[in-house]
Structure formats: C-alpha cells, structure tokens
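Novice: Model the following, please.
(2 chains)
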Amino acid sequence: MAISLTSRWHNLPILYKCALVLALPVGCLLFEIAWQSRVLNSLEDAQRWTNHTQEVELTAARLEYLLSRIESNDRGYALTGRNEFLVPLEQEQQQVPVLAQRLCHLVGDNPIQLARARGLSSLSHAKVQVARDVVAFSSAHPFLPGSTTISPEFRMRLLASKERMDEFMEQSSIFAKEEERLLAERMQRLQVERKFSQQLLVISLAGGLAIGFLALFLFSSTVARRLSFLEAESRRIARGETMSQPAAGTDEISALARALYSASARIHEQMSGLEVLNRDLESFSYSVSHDLRSPLRHIHGFSKILRSDFSAELPAEAQRYLSRIESGAERMGRLIDDLLNFSRIGRRELDRQAVPLFSIVEAVAEELNDGTTTRNIEWRIQPLPTVESDPGLMKQVFANLLGNAAKFTRTREHPVIEVGSRVMPEGTAIYVRDNGVGFDMKFADKLFGVFQRLHRMEDFEGTGVGLATVARIVHKHGGTVWAESAPDQGATFYFTLAEPIAPRSVLRPKLEFQSEALHAAAR
Amino acid sequence: MPQHDEVEILLVEDNADDVELCLHALRKEKLSNKIHVARDGQEALEFLFDRAKRTPEALPRLVLLDLKLPKVDGIQVLREVKKNPLTRCLPVVILTSSREERDLVESYQLGVNSYLQKPVDFDEFRSMVKQIGFYWMVVNQVPPNGRSTEARMA
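Specialist: Numbers count the residues shown, from 1 in each chain, chains lettered A, B, ... in the order given. Model prediction:
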C-alpha cells in the first residue's frame, strides 16, 4: 500500500505534484475560513435572539402598563363620573387586543411561551371586560359626592378588577422570566461555540503549518533530492564513469534520468570503441617502429659494408648509387621516427607544469649551434614567459621552429634568429623570426599539414612532419599557430598557449618573467 | 684457464641480416671472436642455464638481447635471467628496433643493464656496438665468478 502510494506519487507529473503540495495548506486555510464564517453567522443569530427577547419583554411590559392605565382611568371614572376619564379608557381598551396579538406572534416559534402569551391575552381580555362592567355600573349608579359608603355590587366589581390585574401581573412575570432564561441559555451556547472556534483557529493554523512543512519535505525528498541525484550522476558521467540504472517512473525527472542513462550508455559504448581503436593504433605504431625500421637498417648496413669493404672492386658510379641507397634509407628512417612521434603526441596525455620557455629555447639553440659549427647564427632571445605546458612537447616545438629557422637561413651570409613574446588579440604569442628564404603567403594554409613541403628536397631537406607536429602540440595545449612571410624576406612563426582548465590550486600565472631570463637578456 | 668453448658474448637475435650486421660490426671493432648466437628466446635460456649449471666461468660476459623473438620473447628472457640467482649478475643489454616507452619501462623494471635502439645508420650502429663492447668487456667491473652472493652460498 505504502509502496504503491510512493510510486504513484513518483509517477505524478511535476505540475500535479506542485498543485498537490500547494493544495494541502490551501485546503487547510479554506476550511478555516469556512468555519470562521459559520461562527460569524451564529454571532449574528445571537444578536437577533437578544433583540427578539428584548422586543418580547418590551411588548409584555407595554401590555401590563396599558392594563394598569385602564384600571386607573376606570377608577377615576367610577369616583368622579367625569367623561375625561372615558375617552382615553376607550382608546386603551382598543389597543389591548393589538398588543396581545403581537405578543402571541413574537413567541410563535416556542409552543410553551405561545401558550403563556395566549393566557396573557385572554387575561387581558378579561380585564378589559371587567373594566367595561365597572364603567357600565358607574354610569347607572353614579357615586354621590359626600357619601361615605360603597354599595356591595360596586365593591364586588372593584375587587374583580383588582383580581384580574393581579392574575395578569403574575402570569406576565412568569412569561418574562422564561424569556430571560431562554436568552441566557442561548448566550451560554454562543460562549461555548466561540471558545471552540478560537481553539479550532489555533489548531488549524498549526495544522496548516505542519502540513505545509510536510508538503515541502515531500516535494524536496521526491523532486529536489532526485534532481540533485541526477546532478551527481551527470558529474560522474563527465568524469567518464558509467551512470547507475535509474529507478522506474513516468514523471519528468524519471524521463530525464532515463535520457541521461541512455546518453551515458552511448558515451560509454563509444569510449570503449575508441579504446579498442587506440589499442589497434598503438600496436600498429609498435609494428611500424619495429618492423619497418629493421629492413631499412639492413639496406643501409649492407650497402655501407659493400662500400667500405669492397671499395677497390667497385666502380665510382656503383659507389655513388650505393650512397644514394643509404641516404634514401636514412631519410625513410627519419620519416618513420617523425611519423611515430607525430602519432604519439596525439595519443599522449599532457604533463602540464610551469615551464620557463627561456631556458628551453636556450638549450635548443645551443644544440643547434653544436650541429652547425661552420655557420655563425646570431641568436636574439628576448625574455620569455613561464607557461603552464608539457616541457617535453615544448622542447619539440622549439626544436622544430628553431631547426627550421636555422635550416632556411643556411644560404644567408649573416643569419639572425629572434625569439620573443608579444601581446596580441589572440593572447600572449611566442614568435620565432628568421631572415631566411621565407615563403609565399599563398601557400600558408599548406604549411602545417603532414608531408606538406614548400621547398625542393635538394634545396632544403625535411620530412614535412615538423610543422604538423608543432601545430598538433600547440592545438593540444589549446592554442593556435600561424606564420607570416614573403619570399626572400624571412619568416615569422607565432603560437599561443591557452590557459589550462584546472582547479585554481594548480593554476599558475600565465606570464611570469623568470629572473634568469631577465638576467640572460641583460647579458 | 680458458676453455676451448669459451663464449664472451651471447647475441640473441632471430633475424639473419641483423646477426650478420652485428657480427660484422663486432669483428670490425675487434671486440670478440668468441660470440655465440641464439636464434630465439628459448635457445638463449637453454644455453645460459646449461652453462650456469656446469660452471660459473662458462657463462658469457655479456648478453646482447633483441626484444622481438620467436617462442620466448626478449622481455621473458630478461625476466628469467634476472630471476635466477645463477644468472642474475650477468650484464644484459637490450639492442632493439623499438623505442616504445612500455618496452623501455618494462625492461628497466626487470633490471636490464642497458637499453639501446638500433639506429638505421650503419656507421652509428658500429660506433654503438664499439661503445657497448668497450664498456662492458673492458671498463665495467663484475663480481667474481659472475654469480650473486645468493648463488655462491647455495
């Protein structure tokens, strides 16, 4: 049951989840509003009841007052026989049934009080009758001035009138007390209800708050937590690990998890394909380096032996051909080495560290000087930055660029090779400038391709892999490489090295002039 | 007291051309005439262990080892030689076409004494052979009997 509820909640689209999460506290609030309006209604009712009771009491009191007025006027007339008592008496007697009826109407909803009101009505009616009787008797037997005795008939009638009045007052008092009691009872009920609704207000507010928090917890545990889980999984994918199988579900997050899972599976598949390919490539280059070089060694070796051990028997032409065979074998050996190196750079991981370029350039230039003792190259090495890069590969870059510069200035009387750095729109560029033979800029796009050569082999030897290797190394560091030249005007090669993407702790400033470089520049 | 079958250098090489070039270079440099050639790894191991059991003096003073060999490859030969107390002190120089990093690393981990890549240029090869011979046969000092302490105690 709990499991099916959980999975049902999981499968709900996020919109519905939000609606539900919102609906719970809002429902609480709505219930509270409905309840409070009910309480307001009953307060209004109570007010009405109070008014009603007051009206009933007022009517009863007015009736009582009217009856006592009737009695007083009645007696006045009996004693004086004057007509000024008769006129109000007549009016009052007419008002009595109207008031009595009104009283009955007011308490019509309560059978007990209605019966009492009817009793009061008939008592008031009887009182009016007695009053009329007194008037009639008085006008027939007027009370003589100076007489001190009252006839027995008259006395009897006066007593009857008083009796009716007393009776009415007694009943009226009972009636009024009952009304009071009813009012008190209603007030009591109202008080209880008010107290209850106050408690309910507190409870429902606390409940709403609790439900709100519960909803928040539900939402975060099923939506936010799953999202952060997905985030962690994507990070794992980025690190090249595989994602764990996502839980079943039909909402948007589950769909996202499934999409991510299939993407990760696909990436993994391609990665393993690449690994196989890489292994193939590696075993291929291994065979190349081992198996292709062996026959070259044999060709070169036996040709050399022929030339040295049998020189006496060989004509000059044969010896010349043999030396051509040897140089062919040597060239192919270099080509294989360069190509292997080129492919190795593609496969190898960069070993990034802070590399002071100046000392590398210095070392390469020294090596070149040793190899070209017959020429006097003027080296102008400017201060160079320390760059986050692979030192072995940086050495290859400069060996190729400086080697090229030395090679293409061979025909110059006074060869000059300059190395320096310059801030350019592309970033800080390192440049290598020579005053050699240069090249036509219309071939510039061919410069960095494998086996692309702009000069004849007889003029300048080379495998056509050097600049391709330079470009590959620079690109691997995230930089760019380009060249400027004109025929016979020398050439300048530029390259940039992009900042590595690495944690801050590993980052070093891109430009940092080494004191040794400055020192060397001053030298 | 030198015996008639004394061997100074064991050359382990499967390729006949390489054998001939190597012998030519060694002879030209007047390094040694007492060279035995093993044409695969198994033959090399049999030769070495056979001699090691006979007498320590029967072992060659230097092994020139190719890596790519039939039956038992050069790395395996190196491993066996360096594992066995009888042959452990024998200087082994790898002479190969390969410059692969993994070969280099593995050879040194197994305790190779030197690792050289055969150059294409025969003149360079000759001078390399000369240097090896001079260094290992003349300059270098080896423990008496060419055996490890462990083997002598046994």
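Novice: When you work out contacts or count neighbours from here on, use the C-alpha atoms and nothing else.
Specialist: Will do.
Novice: Show me which helix or strand of the chain is least confident by mean pLDDT.
Specialist: All of this is about chain A. Ranked by mean pLDDT, DSSP states H and E, the helix or strand of chain A with the weakest confidence is helix A:515-522, at a mean of 42.
Novice: sorry, should have said chain B
Specialist: Result, chain B / mean pLDDT, DSSP H and E: helix B:149-153, a mean of 53.
Novice: Let me see the mean pLDDT of the helix or strand where A:Ala131 lies.
Specialist: Element membership for A:Ala131 (DSSP states H and E) is helix A:111-140. The average of the pLDDT scores along helix A:111-140 is 88.
Novice: what's that helix packed up against?
Specialist: Counting contacts by 3 or more C-alpha pairs under 8 Å, 6 or more residues apart in numbering or on different chains; DSSP states H and E, helix A:111-140 packs against helix A:14-80, helix A:86-106, helix A:152-219.
Novice: show me where chain B has strands.
Specialist: With DSSP state E as the criterion, chain B has strands at B:9-12, B:35-38, B:62-65, B:92-96, B:114-117.
Novice: closest to A:Leu190 out of these?
Specialist: strand B:114-117 (106.8 Å; C-alpha to C-alpha).
Novice: Show me what from chain B comes close to chain A.
Specialist: Proximity of chain B to chain A, by C-alpha under 8 Å from any C-alpha of the partner chain, involves residues B:17-18, B:21, B:96-100, B:119-123.
Novice: so can I have TSV of those residues showing pLDDT and neighbour count?
Specialist: Listed next are the residues of chain B next to chain A as TSV, based on pLDDT from 0 to 100; neighbours: other C-alpha atoms under 10 Å in any protein chain shown:
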residue	pLDDT	neighbour count
B:Asp17	92	17
B:Asp18	92	18
B:Leu21	93	19
B:Thr96	88	21
B:Ser97	81	24
B:Ser98	75	23
B:Arg99	74	17
B:Glu100	76	16
B:Pro119	89	20
B:Val120	88	25
B:Asp121	91	20
B:Phe122	92	24
B:Asp123	92	15
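Novice: Which of these fall in helices?
Specialist: B:17-18, B:21, B:122-123 (DSSP state H).
Novice: what about chain A, any weak spots by pLDDT?
Specialist: Scanning chain A for pLDDT under 70 picks out the ranges A:1-3, A:144-148, A:286, A:289, A:372-374, A:498-523.
Novice: Ok, chain B next?
Specialist: B:1-4, B:144-154.
Novice: Centre-most residue in it?
Specialist: B:Val63 (1.1 Å; C-alpha atoms, centre = their mean).
Novice: bridging residues for it?
Specialist: B:Val63 has these beta-bridge partners by DSSP bridges: B:Leu10, B:Val92.
Novice: Let me know whether it touches B:Val12 as I believe.
Specialist: Yes. B:Val63 is within contact range of B:Val12, at 7.4 Å (criterion: C-alpha atoms under 8 Å).
Novice: What values do phi and psi take at A:Asp440?
Specialist: phi -80, psi 130 (degrees, to the nearest 10).
Novice: quick one: contacts for it?
Specialist: Counting by C-alpha atoms under 8 Å, 6 or more residues apart in numbering or on different chains, A:Asp440 touches A:485-487.
Novice: Which of those has the largest number of neighbours?
Specialist: A:Ser485 (21 neighbours; other C-alpha atoms under 10 Å in any protein chain shown).
Novice: how about it, phi and psi?
Specialist: Main-chain torsions, A:Ser485, degrees, to the nearest 10: phi -170, psi 170.
Novice: With adjacent residues omitted, what lies nearest to it?
Specialist: Computed as C-alpha to C-alpha, 6 or more residues apart in numbering or on different chains, the closest residue to A:Ser485 that is not its neighbour in sequence is A:Ala491, at 4.4 Å.
Novice: beta partners of that neighbour?
Specialist: Counting by DSSP bridges, the residues bridging with A:Ala491 are A:Asp434, A:Ser485.
Novice: Pull the number of nearby residues for it.
Specialist: Residues near A:Ala491, counting by other C-alpha under 10 Å: 24.
Novice: A:Leu29 too?
Specialist: A:Leu29, neighbours per other C-alpha under 10 Å, totals 18.
Novice: Is it correct that it is in contact with A:Leu209?
Specialist: No. Applying C-alpha under 8 Å, one finds A:Leu29 not in contact with A:Leu209, separated by 9.9 Å.
Novice: so the closest residue to chain B within the stretch 351-500 of chain A is in which element?
Specialist: The minimum distance from the stretch 351-500 of chain A to chain B, using C-alpha to the nearest C-alpha, falls at A:Gly392 (14.1 Å). Element membership for A:Gly392, per DSSP H and E: helix A:391-408.
Novice: Dump that helix to PDB, restricted to CA.
Specialist: The C-alpha trace of helix A:391-408 is given here as PDB (Å, rounded to 0.1, in the frame of the first residue of the first chain):
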ATOM      1  CA  PRO A 391      58.000  20.500 -21.100                       C
ATOM      2  CA  GLY A 392      58.900  17.600 -23.500                       C
ATOM      3  CA  LEU A 393      56.500  18.900 -26.100                       C
ATOM      4  CA  MET A 394      57.600  22.500 -25.700                       C
ATOM      5  CA  LYS A 395      61.100  21.400 -26.400                       C
ATOM      6  CA  GLN A 396      59.800  19.700 -29.600                       C
ATOM      7  CA  VAL A 397      58.000  22.900 -30.700                       C
ATOM      8  CA  PHE A 398      61.200  25.000 -30.300                       C
ATOM      9  CA  ALA A 399      63.400  22.200 -31.800                       C
ATOM     10  CA  ASN A 400      61.200  22.300 -34.900                       C
ATOM     11  CA  LEU A 401      60.800  26.000 -35.200                       C
ATOM     12  CA  LEU A 402      64.400  26.900 -34.400                       C
ATOM     13  CA  GLY A 403      65.600  24.000 -36.500                       C
ATOM     14  CA  ASN A 404      63.600  25.300 -39.500                       C
ATOM     15  CA  ALA A 405      64.900  28.800 -38.900                       C
ATOM     16  CA  ALA A 406      68.400  27.500 -38.900                       C
ATOM     17  CA  LYS A 407      67.800  25.400 -42.000                       C
ATOM     18  CA  PHE A 408      66.200  28.200 -44.000                       C
END
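Novice: A:Ala363: what's it in contact with?
Specialist: A:Ala363 neighbours (C-alpha under 8 Å, 6+ apart): none.
Novice: what about it, which SS state?
Specialist: helix (DSSP: H, G, I helix; E, B strand; the rest coil).
Novice: which residues touch A:Pro415?
Specialist: Residues near A:Pro415 by C-alpha under 8 Å, 6+ apart: A:376-378, A:406, A:409, A:434-436.
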